[in-house]
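Participant: I need the structure of the sequence given here:
(chains A and B)
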Amino acid sequence: NAGVMQNPRHLVRRRGQEARLRCSPMKGHSHVYWYRQLPEEGLKFMVYLQKENIIDESGMPKERFSAEFPKEGPSILRIQQVVRGDSAAYFCASSLSFADTQYFGPGTRLTVL
Amino acid sequence: GQQVMQIPQYQHVQEGEDFTTYCNSSTTLSNIQWYKQRPGGHPVFLIQLVKSGEVKKQKRLTFQFGEAKKNSSLHITATQTTDVGTYFCAGITGNQFYFGTGTSLTVIP
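Facilitator: Numbering: from 1, shown residues only, chains lettered A, B, ... in the order given. I've put the predicted structure just below:
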């Protein structure tokens, strides 16, 4: 049973470009969470999705950031017009149901030049 | 804003010494989870506590959930170099997860 997959593992973008981060949850999991982690800092919740629905996006900046979890395919975290401050590790986690164990992917490390 | 605080932020111990990290919430939690993240790695689930006053053990690790379900602790007895990493608590209330700021543990051989 494959774990949570994230790609790419490393992503380099220039200021103003778009970044697309993908997350494939564990088989059977319909709950997906995205977190951001700045160097030497903790995990900051961004958004919680449950198949095709955004349940809670209170941790996500209102501008430039969006997330989706379509019926088919991976969950996507999209950052438009990236700025240097977006450089961070972005982790995706999935669970069988809310408040169940979250299984984390290896993360995508975004560097904005 | 941040609802779950963790202390200390950093802890250096000699191998063999004990270690404790504390997690405090401003609101009552329905349950709490603990995760460990090794340097350069991703968080890995350790345990979940649900009941008021619950205590669970995993070998040298002891987890407690406060009577008021507002705080929790993780205690490691006789630390080893393999315990190095950052320990996060995650409080669950309503529809939200709140991760603590984490405690980074360094074990000096």
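Participant: Sheet-wise, list the partners of the one helix or strand in chain B whose mean pLDDT sits lowest with their directions.
Facilitator: Least confident helix or strand of chain B, by mean pLDDT, DSSP states H and E, is strand B:96-99 with a mean of 82. Within its sheet, strand B:96-99 is paired with strand B:85-93 (antiparallel), according to DSSP bridges.
Participant: what's the strand it pairs with in contact with?
Facilitator: A:42-43, A:99, A:102, B:3-4, B:6, B:21, B:23, B:25, B:27-39, B:41, B:43, B:46, B:72, B:74, B:97-100, B:102-105 (CB atoms under 8 Å, 6 or more residues apart in numbering or on different chains). Quick note: C-beta positions are derived from backbone N, CA and C, even for glycine.
Participant: for stretch B:48-63, same thing?
Facilitator: Stretch B:48-63 has contacts (CB under 8 Å, 6+ apart) with A:101, B:30-34, B:46-47, B:64-69, B:72-80.
Participant: List buried residues within the residues you listed.
Facilitator: B:31-34, B:46-47, B:64-66, B:69, B:72-74, B:76, B:79 (16 or more other CB atoms under 10 Å in any protein chain shown).
Participant: before we move on, the earlier item: next, the buried residues of the least confident helix or strand of chain B.
Facilitator: Under 16+ other CB under 10 Å, the buried positions of strand B:96-99 are B:Phe97, B:Tyr98, B:Phe99.
Participant: What is the nearest of these to chain A?
Facilitator: Proximity of those to chain A (CB to the nearest CB) peaks at B:Phe99, which lies at 4.4 Å.
Participant: and the closest one, what are its bridge partners?
Facilitator: In beta-bridge terms (that is, DSSP bridges), B:Phe99 pairs with B:Ala90.
Participant: Fine by me, thanks again.
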